[in-house]
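**Q** Got a predicted model here, sequence first, then my questions.
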Amino acid sequence: MKAQKSVRIVKKIRTAPGIWRFVSLNRAGQRYVWDPRPGQYFLEWWEGPKRRRETAGSAPSEALEAQRRKVHELLGKMVAGKDVVPIQADDTSAFMPILEAAEAFLRHVRVHSPDKPRTLARYRAVLDHFKRILGHNQWVEVIQRVDIEHYKATRIAESPHGSPNRRVKPSTVNFEVSVPRAFFNFLIRERQVRMENPCARFKPLRDAVGKAKGRPPVYSLDELDRLLEACNAEDSAAFTTLPLTGLREQELCYLTWDDGILERDRESLVVRRKPGFTPKDYEERELPIPSELAGMLRAREHNSPWVFPSAGGGRETHLLRRLKRVAARAGVAEATLHKFRHTYATRLLENGADIVTVQRLLGHSDPDTTKRYLNPDGDRKRAAVNRLILPAPLMPQRPAGTVTPLKLISSRRRG
């Protein structure tokens, strides 16, 4: 069976009054030499023994864009098994392989975020999934919105870390889709890849379990007491500081004596950039701390530049492991380092701090992130409702011992 393996651009011109014909375009290497004569551009390709043509505009830019879109369409059919003939553009060098594009993006992240190795590692892991699931498309220009939906459906059905009884969380998949969205934005803006971002305006997966949980998990006061009672001196200092400052794990581990702790007139610390560490969103912030905590930290030995060093005096890298050991002794389930941060934010809001202040203390760039902590627990909801008491003159007269229901009285007051 005859098959032409290219989508080429031809032009329909008028050679004499009432006479039109298709002409091929000359080439200069891999580039077209555009015919200056008036006419209409067409795309031409073969499907088996049949030649196909369709209009492609009257300008070279329109023709090239039409060619690109047609190539994507035919490649999509080929991937779906509707066409066994591998169809490609005349100039295949104009397309970027997925593997090459991924490495270019990771180099870009490495150069622009040298102090964020964890971010680079997470991006690489996501792109590994992306290449595994969608790599059969070969070129980034071929990826379409339907492929992103396929990626989401595939990932949500997989088991994380080989755990057969678990599934990848919707929140994880939503984060993973945000990575290729940044990846395609990089290709479009920095590499001038001519395509639309298939991840733009994607619909996130709904997390029914996470939604049902309401606010993030926090430690109760009893759990905090039990944790601290099970700590040695070093662990107690770290796990007292976390719920009183809301520091992230890396912010605590990179805390040095030069970060304002020793300045007695300030009683605060500064989260700032250091070699190997950059604050999230690159935002440095000064954080007030309770005077009791400031005194406790100043009383610690200064044998290391780090406020909370490892046993050997270096920077601590196993803080979660230490917490798990303490939690096991204290009988506290589901202990995590980030749970201290949730506890800090929730206690601030429950004690009357406004949302903007809490946002600044936590270092959130988006206030919606802070709003997650606004959902109070059941006891506080009950206490708030019990404070709704009608003024005595408005209380309806009822027999002694009966319960008076609470009614809206705003309209009565306006009258």
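**A** Yes, it's here. Everything numeric here is computed off the predicted structure, so don't read it as measured data.

**Q** who touches the helix or strand encompassing residue 126?
**A** Counting by DSSP states H and E, the element that carries residue 126 is helix 117-134. Counting by C-beta atoms under 8 Å, 6 or more residues apart in numbering, helix 117-134 makes contact with 98-99, 102, 105-106, 109-110, 113, 143, 147, 150-151, 154-155, 175-176, 179-180, 183, 250, all of which sit outside it. Any C-beta I mention is one placed from the backbone N, CA and C, and that applies to glycine too.

**Q** all strands for the chain, in order.
**A** Taking DSSP state E as the criterion, the chain contains strands spanning 6-16, 19-24, 26-28, 31-33, 39-47, 50-55, 88-89, 268-271, 285-288.

**Q** any residues touching the longest one, and which ones?
**A** Taking contacts as C-beta under 8 Å, 6+ apart, the residues outside strand 6-16 that touch it are 20-25, 32, 35, 37-45, 53, 56, 63-64, 67, 70-71, 74, 87-90.

**Q** Pull the contacting residues for the most centrally placed residue in the chain.
**A** Residue closest to the mean C-alpha point of the chain, counted by C-alpha atoms, centre = their mean, is residue 175 at 3.9 Å. Going by C-beta under 8 Å, 6+ apart, residue 175 touches residue 126.

**Q** what number of residues lie near residue 219?
**A** 24 (other C-beta atoms under 10 Å).

**Q** Excluding chain neighbours, give the residue nearest to it in space.
**A** Nearest non-adjacent residue to residue 219, counting by C-beta to C-beta, 6 or more residues apart in numbering: residue 343, 4.8 Å away.

**Q** I figured the one you found hits residue 243, correct?
**A** Yes - between residue 343 and residue 243 a contact is recorded at 4.9 Å, counting by C-beta atoms under 8 Å.

**Q** Could you name every residue contacting both of those two?
**A** 219, 224.

**Q** So for residue 233, what's the pLDDT?
**A** On the pLDDT scale, residue 233 is placed at 87.

**Q** For it, give its distance to residue 44.
**A** Using C-beta to C-beta, to the nearest Å, residue 233 is found at 80 Å from residue 44.

**Q** likewise residue 181?
**A** Per C-beta to C-beta, residue 181 is found 35 Å from residue 44.

**Q** where does the stretch 201-350 of the chain dip in pLDDT?
**A** 208-215 (pLDDT under 70).

**Q** so where do the helices sit in it?
**A** 208-213, 221-229, 233-245, 249-253, 291-298, 319-330, 338-350 (DSSP state H, counting those that start in this stretch).

**Q** burial of the closest residue to residue 142 other than its chain neighbours, as a residue count?
**A** Counting by C-beta to C-beta, 6+ apart, residue 142 lies nearest to residue 75, which is 5.0 Å off, once chain neighbours are set aside. For residue 75, the neighbour count with other C-beta under 10 Å is 23.

**Q** Could you check how far residue 75 is from residue 192?
**A** For residue 75, the distance to residue 192 - C-beta to C-beta - is 21 Å.

**Q** Equivalent analysis for residue 252, please.
**A** 42 Å.

**Q** Looking at these two, which one has more neighbours?
**A** Ranked by neighbour count (other C-beta under 10 Å), residue 252 and residue 192 place residue 252 first, with 21 against 7.

**Q** before we move on, back to that, for residue 273, find the nearest of the helices of the stretch 201-350 of the chain.
**A** Nearest to residue 273 among the helices of the stretch 201-350 of the chain is helix 249-253 (11.2 Å), distances taken as C-beta to C-beta.

**Q** For that closest one, what is the distance to the chain centroid?
**A** When C-alpha coordinates are averaged (C-alpha atoms, centre = their mean, to the nearest Å), helix 249-253 and its chain have centres 20 Å apart.

**Q** likewise stretch 308-322?
**A** 28 Å.

**Q** Pretty sure residue 308 is one of the things residue 253 touches, is it not?
**A** Yes - using C-beta under 8 Å, residue 253 makes contact with residue 308 at a distance of 6.7 Å.

**Q** anything in contact with each of those two?
**A** 316, 319.
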